[in-house]
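A.B. asks: My questions concern the predicted model and sequence given below.
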Amino acid sequence: MCECPVWCSEAAPAWQRSISGSNRLSEDLDFLVSTPVEASRGERSGRAAELKKAIANVDRDLPTVRVATGLTGVNDSRQYNAVIAYKSLIAEQEETLKIEVAFREPVLSAVIEAQAWTLLLDPINGVEVVPSFPVPALSREEAMAEKLRAALSRREVAIRDFYDVDHAVQRSVLQPDDMAVLHLVRQKLAVLGNEEVDVSEERLSALKRQLDAELRPVLREDEFAAFDVDRAFRTVAGIAAALRFASIPSELDSS
């Protein structure tokens, strides 16, 4: 275990299985180390030191993988990236897994212990091949706020963000008028370096161009058929409007 400040699984992996029950495939593992916004580059680099050691030794602990790219800082040490390579038994070639660790801002709510598991089942008895295991993760509310921030303001719009939002709404995991979530979204959008909120027609058109190329390959066919990109976009646009016009209760503003 890395002896670094509070770290947890970020929105994507925490959201997909532990929180929303989504089966969308992801080739990334995202983590967040709680860091003051005003932290210096040296302070952020110091917080990453133990993680660098842990990543460098991963092939010692897991001989079936190798470190293709060690943990390297970018954007003034606000994010660190690494690439792990492994031999795929299905594709019979080397595949990679990207690890991204953010040091850009503090965690806003209490970290929870979530259960992580894989989709791999024994073909004979249907039992999970890899038992579930606990991981520190963002709370449901904060994971949703992270996903909503991405849908609202990611520079390069990504269809996966809108799928995840829509999936959560359809499963009643996310209520678009949840004031606690809206408050967290507003706080996250205020962090220096975020792009402006964009719910333009151009953004919707870009999403529709990604449906077959980027979303279909990572979903089961029935899950892809159930997704309505227009519905998802209306949800996100409605949240953008709520952030502009809704008043946050005073007890949340003071938190």
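C.D. replies: Thanks, I have the structure now.
A.B. asks: okay, CA-based contacts and neighbour counts for the rest of this
C.D. replies: Fine.
A.B. asks: F31 belongs to a helix?
C.D. replies: No: F31 is assigned strand when assessed by DSSP: H, G, I helix; E, B strand; the rest coil, not a helix.
A.B. asks: So it versus S172, what's the distance?
C.D. replies: Distance, F31 to S172, using Cα to Cα, to the nearest Å: 25 Å.
A.B. asks: Among those two, which residue is more densely surrounded?
C.D. replies: More crowded of F31 and S172, by other Cα atoms under 10 Å: F31, with 24 against 11.
A.B. asks: wouldn't that one be in contact with E100 here?
C.D. replies: Yes: if you go by Cα atoms under 8 Å, F31 and E100 touch, sitting 6.2 Å apart.
A.B. asks: wait, what's in contact with S139?
C.D. replies: By Cα atoms under 8 Å, 6 or more residues apart in numbering, the contact set of S139 is S109, A110, V111, I112.
A.B. asks: From those residues, list the buried ones, please.
C.D. replies: Among the contacts of S139, the ones that count as buried by 16 or more other Cα atoms under 10 Å are V111.
A.B. asks: And the contacts of S139, which is closest to L204?
C.D. replies: Among those, S109 lies closest to L204 (Cα to Cα), at 31.2 Å.
A.B. asks: ok, the closest one touching E142?
C.D. replies: Yes: here S109 lies in contact with E142, judged by Cα under 8 Å, at a distance of 6.8 Å.
A.B. asks: Without its sequence neighbours, what residue ends up closest to A150?
C.D. replies: Nearest non-adjacent residue to A150, counting by Cα to Cα, 6 or more residues apart in numbering: D161, 6.5 Å away.
A.B. asks: count of residues packed around the one you found?
C.D. replies: D161, neighbours per other Cα under 10 Å, totals 20.
A.B. asks: Report the buried residues of the strand or helix carrying it.
C.D. replies: Secondary structure from DSSP states H and E places D161 in helix 159-170. By neighbour count on 16+ other Cα under 10 Å, the buried set for helix 159-170 is I159, R160, D161, F162, Y163, D164, V165, D166, H167, A168, V169.
A.B. asks: Also stretch 74-81?
C.D. replies: For stretch 74-81, using 16+ other Cα under 10 Å, the buried residues are S77, R78, Q79, Y80, N81.
A.B. asks: Doesn't T118 lie inside a strand?
C.D. replies: No: if the criterion is three-state DSSP, then T118 is coil and not within a strand.
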